[in-house]
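1. Sequence and computational prediction follow.
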Amino acid sequence: MFYFYDWTYILVLIGMGICLLAQARVKTTYSKYSRVRSVSGLTGARAADQILYNAGIRGVRIEHIEGQLTDNYDPRTRVLHLSDSTFNSTSVAAIGVAAHECGHAIQHDQNYAPLTLRSAFVPVAQFGQTIAWPLIIIGLLFSSKSSSIFLTAGIIAFLAAVVLQLITLPVEFNASGRAIRILRDSGMMNQEELRDTKRVLSAAALTYVAAAAASILSLLRIILLSNRRGN
């Protein structure tokens, strides 16, 4: 049982701290710029509709979803969900988030390779997340040759979740880059609004970086425990 009470917990705590800081940053940044009304007067939903229309995308539905910052694009159903804080808001933050989700819809329409890879890898990562910890716990608790096989299998399964986090990074960064270019080239935002929107999207991107870092630290901890068991 000593495996579960040692210094490697520091790695987990560091990961948790990074994620909490990133979440706090995005919430405070979004809250600040959600109070800045866009000169265009467009709501997040209207801006998304206009962006998709200008991009020649007709088959994507825009739907309202409950919650704060729960915005997402589902490539399986081709539905763009905008949250309470985005759908009817005319703030630069809301339009920026809506444009970011449109960036994902455009990625899907253009068969953007990292998005295609991520979508294909999601089932693998979800299965890995489900079985990883049971296998790891079995491998750490029992001292036998067969238990080491469980431990190795658990590490590989957990690695799948880490890989998904890493694949997600270029997908999110690219969607934000597309959003800024679209808002600039369309004239939907002026330079000052673009600057504010970049801050919102940069803060949001940090949450994905933090999640990836936390996953890597957890994987490192598991590997350290595995090596200790082997020794």
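-> Yes, it's here.
2. nearest spatial neighbour of the spatially most central residue of the chain, skipping sequence neighbours?
-> Nearest to the geometric centre of the chain sits Y208, at 4.6 Å (C-alpha atoms, centre = their mean). Of all residues not flanking Y208 in the chain, E172 sits nearest, at 5.0 Å (C-beta to C-beta, 6 or more residues apart in numbering). Yep, even glycine has a C-beta here, placed from its N, CA and C like the rest.
3. from what I can see the one you found touches L206, true?
-> No. E172 is beyond contact range of L206, at 10.3 Å (criterion: C-beta atoms under 8 Å).
4. Overlap of the contact sets of these two?
-> By C-beta atoms under 8 Å, 6 or more residues apart in numbering, E172 and L206 have no common neighbours.
5. How much space separates Q68 from N88?
-> Relative to N88, Q68 is positioned 13 Å away (criterion: C-beta to C-beta, to the nearest Å).
6. nope, N72 is what I meant
-> Using C-beta to C-beta, one gets 17 Å for the distance from N72 to N88.
7. likewise N174?
-> 27 Å.
8. same check, this time on G187
-> Between G187 and N88 the computed distance is 22 Å (C-beta to C-beta).
9. who has more neighbours, the two?
-> Under the neighbour definition other C-beta atoms under 10 Å, G187 and N88 were set side by side, and N88 has more, 13 against 8.
10. correct me, but that one touches T43?
-> Yes. Using C-beta under 8 Å, N88 makes contact with T43 at a distance of 5.2 Å.
11. mind checking which helix or strand the residue nearest to Y208 is in?
-> helix 145-185 (DSSP states H and E).
12. who are the neighbours of that helix, in terms of helices and strands?
-> helix 92-109, helix 113-141, helix 191-230 (3 or more C-beta pairs under 8 Å, 6 or more residues apart in numbering; DSSP states H and E).
13. Any chance of a markdown table for these, columns distance to I182?
-> Shown next, in a markdown table, are those (distance: least, C-beta to C-beta, whole Å):
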| stretch | distance to I182 |
| --- | --- |
| helix 92-109 | 6 |
| helix 113-141 | 17 |
| helix 191-230 | 11 |
